[in-house]
Every structure is written in C-alpha cells, then in structure tokens.
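**Q** need a 3D model of the following:
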Amino acid sequence: MSPLPNHAVRREPIPIDARAADHLRYIRETMERAGEFTAVPGWGGFTMGLTALAAGILAARQSTPRASALVWLAEAFVAVAIAAPSAATKARRANSSLFSGPGRKFVLSFAPPIVVGGLLTLVCFQLGILEVLPGMWLLLYGTAIVTGGAFSVRVVPIMGLCLMALGAASLFSPASWGNAFMLAGFGAVQIVFGLWIALRYGG
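**A** Purely as a prediction, here's the structure:
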C-alpha cells in the first residue's frame, strides 16, 4: 500500500489541559512566595506592642523627659529580645533562614535606618534635644519596616507607612504629645499588625 500524500495526513491539535492555567498560577505564586521573607513574627510583634504599652504608661509617670526617653530605650532592647527569637523560630518552621535569600535582603534593608536611629539618639542625648526623639524613632523604625518589608508580604510595608505617618505628625506636634504618639505607634499599630500577620501568615 502506498503511503498517503502529505496533504492527506491530518493530525488533530493537542488539546490544552483545562487545568494548565491553574498549574501555571500555582507555579507563579510559589515562585513569588519563594522571593518573600515570611518570617516576620506576628505574635512576636503583638507581644512587642504589649510591652510598648507598658513602657508608655511607665514613661508617662517619669518626672523628666530624659527619664521617659530612657524607659523607651529600655523598651527597644526588650523589643529586640522578643523579635529576634520569634523571627528565628518562625523561619525555622518555614524551613528558611534569616540570613540567606529573602531573609538576608530583609535584614540588610532593615538595619541601616536602625543604625542611623541609634547614632542620632546618642547625638540627641548629648545635645539635650529629647523632644524630637518620638518623631525620629517612629520615622526611622517605620522606614526600616518599609525598606525591609519590600522583601516581605504586602502588609509589612503598610505597617511601616503607618509608623512613618505617626512619626511625621509627632515632629510637628507639641512635645508633650510625644509619648502618646509612641504609644500609638509602637503599641497600638504593632499590636494590630502583629495580630494581622499572625492570623494571616502563620504566626
């Protein structure tokens, strides 16, 4: 039997699997998550907010602005002691690392504003310019959250923007309102977003 002429050989087009789009979407979302630092500690942030509320109440009872600022400085060390192990624990549960991939980018972006804040705090204490500390602390911490949050889930930079807005408002408000702004930022904002992250992003 002679072979059929070329024009007589017809192949049906291979149908595209109806689930192909779902597979592609899953692959894309997986790759996006792999590029995000998801170990931002929600419950740790919530706890930091609670300790900040306590610090704000204690700071309000101090007789001098310097004593109030020292209370908040002590709270900063407490917050670090809460955040670091909380983030490490969450990263370990997610089989990721704080110092590789997105985690390293988060840390390298988060650290510079914090270092700048520490240096400026020393200068402010030396010069006795303590009334600017609440606004400066909120602005720089918020900046650190925004820059680090560029490598995390979307809610993280939103939290940073809220902190920056409070810091900016504090700088242009009476100095006596500084403690209230820090209660709102380091306390209330941290609690609200900490809960959000904990409930939506695995703790």
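**Q** leaving out the residues flanking it, which one is nearest to residue 123?
**A** residue 129 (7.9 Å; C-beta to C-beta, 6 or more residues apart in numbering). Yep, even glycine has a C-beta here, placed from its N, CA and C like the rest.
**Q** quick check: what element follows the helix or strand containing residue 181 along the chain?
**A** For residue 181, the element it lies in under DSSP states H and E is helix 178-182. Going down the chain from helix 178-182, the next helix or strand is helix 190-200, by DSSP H and E.
**Q** can I have that next one written out in PDB, keeping just the CAs?
**A** The C-alpha atoms that make up helix 190-200 are tabulated as PDB, following Å, rounded to 0.1, in the frame of the first residue of the first chain:
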ATOM      1  CA  GLN A 190       2.300  47.000  66.400                       C
ATOM      2  CA  ILE A 191      -0.500  45.100  68.100                       C
ATOM      3  CA  VAL A 192      -2.900  45.500  65.200                       C
ATOM      4  CA  PHE A 193      -0.500  44.500  62.500                       C
ATOM      5  CA  GLY A 194       1.100  41.800  64.700                       C
ATOM      6  CA  LEU A 195      -2.300  40.100  65.000                       C
ATOM      7  CA  TRP A 196      -3.000  40.500  61.300                       C
ATOM      8  CA  ILE A 197       0.400  38.900  60.400                       C
ATOM      9  CA  ALA A 198      -0.100  36.100  63.000                       C
ATOM     10  CA  LEU A 199      -3.500  35.200  61.800                       C
ATOM     11  CA  ARG A 200      -2.900  35.600  58.000                       C
END
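**Q** work out the gap between it and the centre of the chain.
**A** 11 Å (C-alpha atoms, centre = their mean, to the nearest Å).
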